[in-house]
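[1] here's my sequence, what's the structure:
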Amino acid sequence: MRVERKVRLDTLNGIKDFITLADKYQCDIKVKAKHGIVDGKSIMGIASLALYQPLTVVAKGKDAQDFAGRLDHFQKESQ
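    From the prediction side, this is the model:
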């Protein structure tokens, strides 16, 4: 199963919350920005992206759908 969602990770607390959630799942999680793709379970990788823009999360694996269902908190648009 492969799932894609747009998210916003524009604060350090938001990144920490995302990592804490991602670590609970076995699926492979990648976070994509315009200029790179990083491991979705790496705080340093995510922090290195341009966080002012929406990011795309791609999850692949058995529990990817369940993980994607828990991303609502990270899908809000920051103004």
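[2] mind telling me what element residue 16 is part of?
    In this structure, residue 16 is located in helix 12-22 according to DSSP states H and E.
[3] bridging residues for the most centrally placed residue in the chain?
    In the chain, the residue lying closest to the centroid (C-alpha atoms, centre = their mean) is residue 57, at 4.6 Å. Using DSSP bridges, the bridge partners assigned to residue 57 are residue 5, residue 31.
[4] quick one: contacts of the helix or strand bottoming out on mean pLDDT in the chain?
    Least confident helix or strand of the chain, by mean pLDDT, DSSP states H and E, is helix 43-47 with a mean of 93. Contacts with helix 43-47, where a contact means C-beta atoms under 8 Å, 6 or more residues apart in numbering, come from 9, 12, 15, 16, 18, 19, 31, 38, 39, 40. Yep, even glycine has a C-beta here, placed from its N, CA and C like the rest.
[5] now, of these, which are buried?
    Neighbour-count burial (16 or more other C-beta atoms under 10 Å) is assigned, among the contacts of helix 43-47, to 9, 15, 18, 19, 31, 38, 40.
[6] in a markdown table: those residues, plus distance to residue 61 and pLDDT.
    As requested, those are exported to a markdown table (distance: C-beta to C-beta, whole Å; pLDDT from 0 to 100):
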| residue | distance to residue 61 | pLDDT |
| --- | --- | --- |
| 9 | 21 | 92 |
| 15 | 21 | 94 |
| 18 | 17 | 96 |
| 19 | 17 | 97 |
| 31 | 15 | 97 |
| 38 | 17 | 97 |
| 40 | 12 | 97 |
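[7] wait, which of those residues is closest to residue 63?
    Among these, residue 40 lies closest to residue 63 (C-beta to C-beta), at 13.2 Å.
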